[in-house]
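> The following block contains a protein sequence and its predicted model.
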Amino acid sequence: MNWLVDAQLPPHLCKWLKIKGDYCIHVSELPSGIQLPDETLWQYAKKENLIIISKDRDFFDFSILRGSPPQILYINVGNCSNDRLLKIMNHVWKETIKAFAAGNSLVIITQSGIQKF
């Protein structure tokens with residue numbers, strides 16, 4: 001799968017995804033990086049066929065209002081360490097991938113699991 005990791009998530013998340021064999025780019029790697037507005041990131045992900053991973057509620061709202069593409073992985077786990085975030089994601093990762101492969105446009109990761117839409 002191909003991912004665009006939003007600014008408030010650690011660049012290390014891209015490394016984790018690449019180890020799993022996926023393509024990933026962190027927003028900070030793009031020209032103007034973290035300065036880019038959400039709308040620009042939405043259009044970039046749509047054009048490049050990337051799934052956006054974000055903790056930003058705006059992408060959740062965009063997904064509800066506009067549908068996909070792009071697909072959105074919304075991280076809703078509250079404040080936690082990067083290690084804790086990766087543990088949560090690792091725990092639900094197979095189910096997350098299956099949800100996107102099945103055509104879900106929005107997947108939410110919470111402390112207790114995932115929700116699919």
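Great, that's in hand.
> Confirm Arg84 sits in a strand?
No - secondary structure of Arg84 (DSSP: H, G, I helix; E, B strand; the rest coil): helix, not part of a strand.
> ok, now which ones touch it?
By C-beta atoms under 8 Å, 6 or more residues apart in numbering, the residues touching Arg84 are Val77. All C-beta spots, glycine's among them, are computed from the backbone N, C-alpha and C.
> What score does it have for pLDDT?
Looking at Arg84, its pLDDT stands at 95.
> With Gly33 instead?
On pLDDT, Gly33 comes in at 88.
> quick one: the closest residue to it other than its chain neighbours and Asn90, what's the gap?
Spatial nearest neighbour of Gly33, excluding adjacent residues (C-beta to C-beta, 6 or more residues apart in numbering): Val27 at 5.8 Å. Val27 sits at a distance of 22 Å from Asn90 (criterion: C-beta to C-beta, to the nearest Å).
> Asp6 too?
When C-beta to C-beta is the yardstick, Asp6 and Asn90 sit 19 Å from each other.
> These two: which is more packed in?
With other C-beta atoms under 10 Å as the criterion, Asp6 and Asn90 differ in neighbour count, and Asp6 comes out ahead with 24 against 11.
> all helices of this structure, in order?
In chain order, the chain shows helices spanning 12-19, 38-48, 57-66, 82-101, with DSSP state H as the criterion.
> which parts of the longest one are buried?
Spelled out, it's helix 82-101. Residues of helix 82-101 classed as buried: 85-86, 88-89, 92-93, 96, 99-100 (neighbour count, 16 or more other C-beta atoms under 10 Å).
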